[in-house]
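**Student:** got a predicted structure here, sequence first:
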Amino acid sequence: MSRASLAHWGAFTAEVSAGDLTAVRPHAGDDDPSPLLGNLPGSIRHRSRVAGPAIRRGWLDNGPGPSVRRGDDEFVAVSWDELSDLLAGELRRIIAEHGNEAIYGGSYGWASAGRFHHAQSQVHRFLKLIGGYTSSRHSYSLGATGVIMPRVVGTHDDLFKRSTQWEVIVEHTDLLVAFGGLALKNTGINHGGTTAHPARDALRRFRERGGRIVSFSPLRDDVDGDHEWHAPRPGTDVAVMLALAHVLATEDLADRAFLDTYCVGYDRFERYLLGTDDGVPKSPAWAATISGLAGEDITALARRMAAGRTLVTISWSLQRIRHGEQAPWMGLTLAAMLGQIGLPGGGFGHGYGSMNEPGLAPLRFPLPVLPQGHNPVSTFIPVAAVSDMLLHPGREYDYNGRRQTFPDIRLVYWAGGNPFHHHQNIGRLRRALARPDTVVVHDPYWTAMAKHADIVVPSTTAYERDDYSGSRNDPMLMAMPALVEPYAQARDDYTTFAELARRFGVADEFTEGRTARQWLAHLYATWSAGVDFDAPSFDQFWADGQLRLPTEPGLTLLADFRADPHTNRLNTPSGRIEIFSAEIDSFGYDDCLGHPAWFEPTEWLGGERARTYPLHLIANQPASRLHGQLDGGATSQQSKVQGREPIRIHPADAADRGLADGDVARVFNDRGACLAGVVIDDRLRPRVVQLSTGAWFDPLEPGDPDSLCVHGNPNVLTDDIGTSALARGCTGAHVLVQLEKFTQHLPPVRAHEPPVIR
């Protein structure tokens, strides 16, 4: 039987047999489908599925409370009624004894592309109805950007959903300067699914027209095809951007009229740039000593950028580092100095090559969404501060101009995500997860997070229930009919929360009297009544399987602002681009000034720490899966080396350590260690290694928080520190390490095996 559906990485048609997906074919209109579709066959009945409700033995026998046994305990199979009774009872106890603020509704994740069966929406809707929860803000992907860009340009969402489109770049851009590259592997995915992947073809046509790509990245393959590659020391991009700006300022190439009309604070920034106050001009010669690039190359590029239509783009990866706020802020400042913001093919971009959204035409209206209601609890944390919160209740901290206090969390409720992929310093995270009274996890699979739970709720996958989805920059709303029956005892989260809501007496408010299928029809009808085109009925849409939606073609980022900066003022205090922010300056942070600046990273090859750990590890997104999803799938497994996540290393660095292709290496620093399979590759800067995130955490000694991960999860190595006091974003993309050949008996990989269940 063949049926169509949608995943984060593309629309597809699946062959179904014996309760599983046996083969998938990409959507007919997708000329560059993602290879991640290859992880779907076999995923429904994979051995790592959670077959039924389960309770951790120690929690069941001894009751709620802190426990170091999380992640190293067996589970007890229970019935759905038992699980619902125990879970509802524990929620009532926590609320009665500690208040709703003591519940952390984290649930950060990409569990499904569906609009209704979206785990994060479902759990938040339920928790709000029973009194609320401590929430999180922003994302691991864009923690620094989500705080700095609204202060500088009045938004961060518009940088993605209303970015300059590929068609405009193809037609008008002369020079595309990409800090962090343009990795096409990342353009395979989108939050709400995607039906086409146009980036590769757009770049082909851009080159054919004569456009040039300049990439600043330690990885040559961060841009596919012909390009000019500069490989600075990782973490020094801001220094390079400052040097480019210095050339523009000192050679009278900066567009002063644009800076005076559309920006505020350039004069304050220029004093820093020229070294007027600190005596340190941020010149190409200065940047050369920091970045390892030739100063004359920086000077020549600055002149080329000013001579034609230039788009400056910053990858998301550059803000996942200490002081990560500086890269997007400085990239925008550099583009403002060129004076091309708002002109077709010029200006600024953030995230081209980071996801399949920048460069695509946005829809004319929002998509259907499940209402989540109001959260009575106002307490929140920056999303990457979860370990700090759990370990240090009552501690004060700075965030975005506010002085806040970490709450005392007693119950962690996680649905639809795996922080062992996203979060830094897994040893510290495991200690943090040992502190609450109860950890609840909804998941289809026995991920590391599920294994660290007390109450495990078996959820269906996106392919075992009816739903529909689309993305704000994709012209298709796609039906997602159930492809197979739910595996074993798995239930969709809506059913689970409806049962819990009944026990709390709020079932009518949660369900509003609707089944899941009735919710789909209701949300569609409500949405279609407000669109500006003749949408078919829900039944007709479901029968057709897809609905093409109108988009806004030909957009250039901030073109309306350039055309009329008074009518279309930005949502900043000045209404203009804030190269100098008086508000940020007033906070008095020593790690984020009132203008973009160079800060020496804590993890970089120019620092003292590199004497002990002389290799700079880039923990980027994998090419073989989305984050850690379906790590057991065929595409992901084919990338492994002796069952371990591959680590790429330059030939010279491999030779220095006696490493050969196919060896297994121990990757280590003073925080932890993991095993990884060696791949020798000259497409890296020397002294740089690359180990993607997402290999499921697999400790050799499950009871030891600092255990060797035998599978290759780089977050055993990363430092759990925020970008700055402004954003406290994730800094997990960069870390210093050492490598050595692993010569002991290779331990088995057990990451995808269920725990013991009695």
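**Tutor:** Thanks, I have it.
**Student:** the longest helix along the chain: which residues count as buried?
**Tutor:** If you go by DSSP state H, the chain has its longest helix at helix 80-98. Buried residues in helix 80-98, counted by 16 or more other Cβ atoms under 10 Å: 80, 83-84, 86-88, 90-91, 93-95, 98. Yep, even glycine has a C-beta here, placed from its N, CA and C like the rest.
**Student:** which residues of the stretch 351-500 of the chain fall in strands?
**Tutor:** 380-382, 396-399, 402-405, 411-415, 438-443, 455-458, 467-469, 476-480 (DSSP state E, counting those that start in this stretch).
**Student:** quick revisit: packing partners of the longest helix of the chain?
**Tutor:** Helices and strands touching helix 80-98, by 3 or more Cβ pairs under 8 Å, 6 or more residues apart in numbering; DSSP states H and E, are strand 54-56, strand 103-104, strand 411-415, strand 438-443, strand 455-458, helix 493-503.
**Student:** again, 7 Å this time
**Tutor:** Identification of packing neighbours for helix 80-98 by 3 or more Cβ pairs under 7 Å, 6 or more residues apart in numbering; DSSP states H and E yields strand 455-458, helix 493-503.
**Student:** helices and strands around the helix or strand following the longest one, which ones?
**Tutor:** For helix 493-503, the succeeding helix or strand toward the C-terminus, using DSSP states H and E, is helix 507-511. Counting contacts by 3+ Cβ pairs under 7 Å, 6+ apart, helix 507-511 packs against helix 119-129, helix 493-503.
**Student:** any chance of JSON lines for the strands of the stretch 351-500 of the chain, columns mean pLDDT, mean neighbour count and distance to Gly143?
**Tutor:** Output for those, formatted as JSON lines (pLDDT from 0 to 100; neighbours: other Cβ atoms under 10 Å; distance: least, Cβ to Cβ, whole Å):
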{"stretch": "strand 380-382", "mean pLDDT": "97", "mean neighbour count": "22", "distance to Gly143": "6"}
{"stretch": "strand 396-399", "mean pLDDT": "98", "mean neighbour count": "16", "distance to Gly143": "11"}
{"stretch": "strand 402-405", "mean pLDDT": "98", "mean neighbour count": "12", "distance to Gly143": "15"}
{"stretch": "strand 411-415", "mean pLDDT": "97", "mean neighbour count": "27", "distance to Gly143": "18"}
{"stretch": "strand 438-443", "mean pLDDT": "98", "mean neighbour count": "25", "distance to Gly143": "23"}
{"stretch": "strand 455-458", "mean pLDDT": "98", "mean neighbour count": "26", "distance to Gly143": "28"}
{"stretch": "strand 467-469", "mean pLDDT": "96", "mean neighbour count": "28", "distance to Gly143": "25"}
{"stretch": "strand 476-480", "mean pLDDT": "96", "mean neighbour count": "24", "distance to Gly143": "30"}
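**Student:** within the helices and strands, which one has Ala178?
**Tutor:** In this structure, Ala178 sits in strand 175-179 according to DSSP H and E.
**Student:** name every strand pairing with that strand and say which way it goes.
**Tutor:** Applying DSSP bridges, strand 175-179 is found paired with strand 212-216 (parallel), strand 310-314 (parallel).
**Student:** got the contact list for the helix or strand just after that strand?
**Tutor:** Using DSSP H and E, the helix or strand that follows strand 175-179 in sequence is helix 199-208. The contact list for helix 199-208, computed with Cβ atoms under 7 Å, 6 or more residues apart in numbering, reads 31-32, 166, 169-170, 173, 184, 187, 225-226, 359.
**Student:** now helix 199-208: buried residues?
**Tutor:** Within helix 199-208, the residues that count as buried by 16+ other Cβ under 10 Å are 199, 202-203, 205-207.
**Student:** and which of these is nearest to Thr461?
**Tutor:** Comparing the buried residues of helix 199-208 against Thr461 with Cβ to Cβ places Ala199 closest, at 27.5 Å.
**Student:** circling back to that earlier point, just the strands paired with strand 175-179: most buried one?
**Tutor:** Mean neighbour count (mean count of other Cβ atoms under 10 Å) peaks for strand 310-314 among the strands paired with strand 175-179, with a mean of 28.
**Student:** what does that strand contact?
**Tutor:** Applying Cβ under 7 Å, 6+ apart, the contact partners of strand 310-314 are 164, 169, 173-180, 327-328, 331, 334-335, 338, 340, 345-350, 352.
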